[in-house]
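Visitor: the sequence and its predicted three-dimensional model are supplied below.
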Amino acid sequence: MENGIKCKVCGYEARDYLGDHLVEAHDLTVVEYVAKYPGAPTLSQRLQDAFAAKAKTIRRTGPPALDDLTIEFAGVTLPVNTSVPASACGTFPDNYVVPEHGDLGEDVQALALVWADPECPPTFIHGEPGCGKDALINALSYLTRTPLVTRSIVPGTDIQSWFFTRELDEHGTSYVLGPVLIALRDGFHCPDGVVVPHTFHITDFDRADKSQAEYLRLITDTIEGKVVGPKGECFPIYPGTRVVVTANSAGGGDVRGRCISSNPIDASILDRFLVALHFHQLDWADEEKIIRAKFPVLGERCPGVFKVMGRITTALRKAISDETLYAEFSHRGVVSILKHATRLVRQKDGIPTNLMKKAARVWVDKLPDDDTRSVAWNVMDPHIKGGALDAGNTSHVQTGTKTLAQGF
């Protein structure tokens with residue numbers, strides 16, 4: 001064979017590459033073969049010349065300097081603080097996918113643009129439960145190595161301890177500065193001596209009462225943010241510190257009647273947040289990627305269940321949006337149903353023919369009354385094999401590919 005490569009073991013001639021023949025015919029790797037027959041070719045001259053020509057066209061560049069390291073997030077270039085250890089940042093959510101589709105894809109890109117703004121304007125994010133507001137803050141903190149201080153509002157709790165506490169001992173009264181005050185005032189001191197500003201993140205901000213919300217008035221001051229100390233003194237906030245709060249309501253209280261601990265927020269405090277973003281629910285195109293990663297057992301044994309879950313999710317959220325159904329159906333609801341579906345398919349008897357009806361009850365049963373539960377079943381009914389309203393066949397089927405589709 002012209003330009004072929006002859007095997008030293010058996011005389012077989014390969015056109016361009018001998019490696020496959022060596023493994024299949026002689027159970028030899030290329031390394032073992034060359035060690036046994038030094039200098040023996042395994043690659044044709046034609047391919048060697050082609051690789052050499054290609055190599056001349058490749059321009060090799062070194063990695064960027066650490067100070068220039070960036071990431072792309074939702075189409076926005078964000079700098080990475082390589083001096084900050086991961087332990088000082090938010091926790092990256094399991095199976096997190098950056099939303100790209102629908103309204104939430106636009107919401108996330110808007111926040112990424114605000115995150116990239118060196119002026120770090122105070123930001124107020126509100127949206128229905130489970131739309132990923134807090135997960136996004138944690139993901140951005142983790143990926144950009146931004147030190148994160150997170151606190152959650154609990155109604156009626158004195159949050160003064162975030163900033164300072166009073167101690168009494170044999171010497172009298174003294175004050176100890178709290179971790180939030182220190183973070184806001186001093187920034188984060190990295191192991192290499194670099195000082196980096198924190199992001200101060202408050203969750204459930206709309207659950208704050210009047211006195212709790214007042215702590216944000218000076219911190220978000222548009223002239224110069226300040227934090228009040230134990231003796232009434234004001235400390236300037238470290239330059240570049242970012243303040244982000246998340247809430248289920250837009251500051252007007254529980255207007256939908258489904259988050260009853262939400263309070264109205266003083267308009268003069270809301271006015272200090274120079275950016276406000278309304279977050280929407282995940283688009284199914286993004287949500288499906290997440291749940292497929294979260295539920296490998298379902299993906300292996302009954303992959304068609306994800307399409308059914310998508311139709312159920314879309315129908316429920318539309319009914320909620322149209323105010324036909326008085327409920328919330330967030331990503332947490334999707335996860336709760338599919339977790340129960342996983343429990344069901346792991347049973348030794350096989351997969352129930354009414355799998356999705358059995359799985360969905362763990363969400364439906366927490367709805368407040370029979371009428372609401374009935375509406376939910378009616379909404380899901382057209383999308384469940386055999387219907388959600390019929391008691392259905394509780395017998396089980398074997399796990400073959402054809403019979404699995406019958407049980408959704």
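Guide: Perfect, I can see it now. Numbers count the residues shown, from 1 in each chain.
Visitor: check what pLDDT Arg346 gets.
Guide: Each residue has a pLDDT score; the one for Arg346 is 87.
Visitor: any idea which element the residue lying closest to it once chain neighbours are set aside lies in?
Guide: Nearest non-adjacent residue to Arg346, counting by CB to CB, 6 or more residues apart in numbering: Val297, 6.8 Å away. In short, each C-beta sits where N, CA and C put it, glycine included. Taking DSSP states H and E as the criterion, Val297 maps to helix 296-301.
Visitor: chain center to that helix, what's the gap?
Guide: 21 Å (CA atoms, centre = their mean, to the nearest Å).
Visitor: that one: what's the following helix or strand?
Guide: Remark: after helix 296-301, the chain's next helix or strand is helix 305-321, criterion DSSP H and E.
Visitor: returning to what we had before: what comes into contact with the helix holding Val297?
Guide: 292, 305-306, 338, 341-342, 345-346, 351, 399, 404 (CB atoms under 8 Å, 6 or more residues apart in numbering).
Visitor: quick one, which of these are buried?
Guide: Listed as buried from the contacts of helix 296-301 are 292, 305-306, 338, 341-342, 345, 351, 404; burial here means 16 or more other CB atoms under 10 Å.
Visitor: so which of those sits lowest on pLDDT?
Guide: The lowest pLDDT within the buried ones among the contacts of helix 296-301 belongs to Leu404, which sits at 36.
Visitor: residues near Val244, how many?
Guide: Residues lying near Val244 (other CB atoms under 10 Å) number 30.
Visitor: the helix or strand containing it - contacts with which helices or strands?
Guide: Using DSSP H and E, Val244 sits within strand 242-247. Packing partners of strand 242-247 (3 or more CB pairs under 8 Å, 6 or more residues apart in numbering; DSSP states H and E): strand 123-127, helix 133-144, strand 199-203, helix 210-219.
Visitor: for the record, mean pLDDT for stretch 148-160?
Guide: Taken as a whole, stretch 148-160 has a mean pLDDT of 88.
Visitor: now the end-to-end length of that stretch.
Guide: 19 Å (CA to CA, to the nearest Å).
Visitor: where are the low-confidence patches of the stretch 1-150 of the chain?
Guide: Within the stretch 1-150 of the chain, the stretches with pLDDT under 70 are 1-3, 60-66.
Visitor: please redo it, this time with the cut-off set to 50
Guide: Scanning the stretch 1-150 of the chain for pLDDT under 50 picks out the ranges 1.
Visitor: just so I know, which of the helices and strands packed on strand 242-247 lies nearest Arg59?
Guide: helix 133-144 (28.0 Å; CB to CB).
Visitor: now do that closest one against strand 123-127, angle only.
Guide: Angle, helix 133-144 to strand 123-127, by axes from the mean of the first three to the mean of the last three CA atoms, to 10 degrees: 130 degrees.
Visitor: what sits up against helix 133-144?
Guide: Against helix 133-144 from outside (CB under 8 Å, 6+ apart): 71, 73, 78-81, 86, 89-93, 96, 98, 108, 111-112, 115, 125-127, 146-148, 150, 199, 201, 203, 244, 246, 279.
Visitor: among those residues, the buried ones, what's the ChimeraX command?
Guide: With 16+ other CB under 10 Å as the criterion, this ChimeraX line picks the buried residues out of the contacts of helix 133-144:
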select :73,78,80,81,89,90,96,98,108,111,112,115,125,126,127,146,147,148,150,199,201,203,244,246,279
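Visitor: out of the contacts of helix 133-144, which sit inside helices?
Guide: Among those, the ones falling in helices (DSSP state H) are 108, 111-112, 115.
Visitor: how close does the residue positioned nearest the centre of the chain sit to Asn81?
Guide: Centre of the chain computed as the mean C-alpha position; nearest residue by CA atoms, centre = their mean is Tyr96, 3.4 Å away. Distance, Tyr96 to Asn81, by CB to CB, to the nearest Å: 20 Å.
Visitor: one more: Asp107?
Guide: 24 Å.
Visitor: for stretch 213-221, list the C-alpha coordinates in PDB.
Guide: Extracted in PDB, the C-alpha atoms of stretch 213-221 (Å, rounded to 0.1, in the frame of the first residue of the first chain):
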ATOM      1  CA  ALA A 213     -36.000  48.800  57.600                       C
ATOM      2  CA  GLU A 214     -34.500  52.000  59.100                       C
ATOM      3  CA  TYR A 215     -31.100  50.400  59.300                       C
ATOM      4  CA  LEU A 216     -30.900  50.600  55.500                       C
ATOM      5  CA  ARG A 217     -31.600  54.300  55.300                       C
ATOM      6  CA  LEU A 218     -28.000  55.500  56.000                       C
ATOM      7  CA  ILE A 219     -26.400  52.500  54.400                       C
ATOM      8  CA  THR A 220     -28.000  53.200  51.100                       C
ATOM      9  CA  ASP A 221     -27.400  57.000  51.200                       C
END
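Visitor: number of residues surrounding Ile219?
Guide: Neighbours of Ile219 (other CB under 10 Å): 20.
Visitor: so the closest residue to Gly229 other than its chain neighbours bridges to which residues?
Guide: Excluding its sequence neighbours, the residue lying closest to Gly229 (CB to CB, 6+ apart) is Phe235, at 6.0 Å. Beta-bridge partners for Phe235, by DSSP bridges, are Val227.
Visitor: okay, and the beta partners of the nearest residue to Thr150 once chain neighbours are set aside?
Guide: Computed as CB to CB, 6+ apart, the closest residue to Thr150 that is not its neighbour in sequence is His201, at 4.5 Å. Going by DSSP bridges, His201 is paired in beta bridges with Thr150, Val244.
Visitor: surely His201 meets Arg151?
Guide: Yes - the criterion here is CB atoms under 8 Å, and His201 meets it with Arg151 at 7.5 Å.
Visitor: neighbours around the nearest residue to Thr77 once chain neighbours are set aside, how many?
Guide: Nearest non-adjacent residue to Thr77, counting by CB to CB, 6+ apart: Thr70, 5.1 Å away. Using other CB under 10 Å, the number of residues around Thr70 comes to 13.
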